[in-house]
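Visitor: 3D model of this:
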Amino acid sequence: MRICLLAVLVAICVPAQAGAPAPEAKALAVDPAHQGGAANDPKPVHPGGLWRRQVDAFLSNFDCSKSDFRDDLAALENLKGLEDVLREHVAEVPDFTAEAKYQELLKAWLIKRLLKEDGISEKQIASLLEAYPGMTTAEQVADIKRQAEVGSRLGEAEDARDGLAICVAIRDLFLDDLQRSTRRADRIAAANAALEAEALRLGIALD
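Guide: Numbering: from 1, shown residues only. A predicted model of the protein is given here:
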């Protein structure tokens, strides 16, 4: 049951239209996510301040002290209909991963631009990105443990029909999703800064 509960939340947190992100430190030659599109594709657009305000408003409005909100959560069967309850009592669920997705798209675009200008090889790009690895094994394990702990709390709360505990656990999962995505976005942004610096060094326009 608890795996099912987590699956429901993952489906809400990660919209179906979004593709799986590529590993952060891989270059064009070994990263399938960078194979599509053309080098002259438009530069990705940052989600901007509106997205951040939507995320902040969603978390701010996630008020577990509201009895009707707690009651509606407790009445759900395996959290089916959770999105409707959140939409009624909180807000439309924002895409907490939007910043990380933007950084990933930007990285792919930068790599294509560098390769298009023949100023750098795939091997050089791979070497450049080696300085910006993804998550360590310890970080991955910590993330899994944290998600499992909150997921366990959520499952127990759902079994007990404890609306307050359900509410707190769901909010904790959303917060964890945002924090993990933010850390990922920061890692990719550092790699992007290195790619942009290389483009500047080579005189490659990035407009």
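Visitor: So which residue is dead centre in the chain?
Guide: In the chain, the residue lying closest to the centroid (Cα atoms, centre = their mean) is Thr97, at 2.6 Å.
Visitor: Excluding covalently adjacent residues, which one is nearest to that residue?
Guide: Of all residues not flanking Thr97 in the chain, Ser181 sits nearest, at 4.4 Å (Cβ to Cβ, 6 or more residues apart in numbering). The C-beta positions use only the backbone N, C-alpha and C, and glycine is treated the same way.
Visitor: What of Ala194?
Guide: In space, Ala194 is closest to Leu128, 5.9 Å off (Cβ to Cβ, 6+ apart).
Visitor: With Leu206 as the reference, measure out to that neighbour.
Guide: Distance, Leu128 to Leu206, by Cβ to Cβ, to the nearest Å: 15 Å.
Visitor: more crowded one of those two?
Guide: More crowded of Leu128 and Leu206, by other Cβ atoms under 10 Å: Leu128, with 19 against 13.
Visitor: just checking, what's the longest helix in the chain?
Guide: Counting residues, the longest helix found in the chain (DSSP state H) is helix 163-202.
Visitor: Give the burial count for Glu117, as a bare number.
Guide: Glu117: 14 neighbours (other Cβ under 10 Å).
Visitor: that older thread, the residue nearest to Ala194 contacts Glu196, doesn't it?
Guide: No - Leu128 is beyond contact range of Glu196, at 11.2 Å (criterion: Cβ atoms under 8 Å).
Visitor: Quick one: residues contacting the residue nearest to Ala194.
Guide: Residues near Leu128 by Cβ atoms under 8 Å, 6 or more residues apart in numbering: Ala27, Ile120, Ala194, Leu195, Glu198.
Visitor: in the protein, which spans are helices?
Guide: Using DSSP H, the helices of the chain run over 2-13, 48-61, 67-74, 82-89, 98-116, 122-129, 137-160, 163-202.
Visitor: Packing partners of the longest helix of the chain?
Guide: On a contact count with 3 or more Cβ pairs under 8 Å, 6 or more residues apart in numbering; DSSP states H and E, helix 163-202 meets helix 2-13, helix 48-61, helix 67-74, helix 98-116, helix 122-129, helix 137-160.
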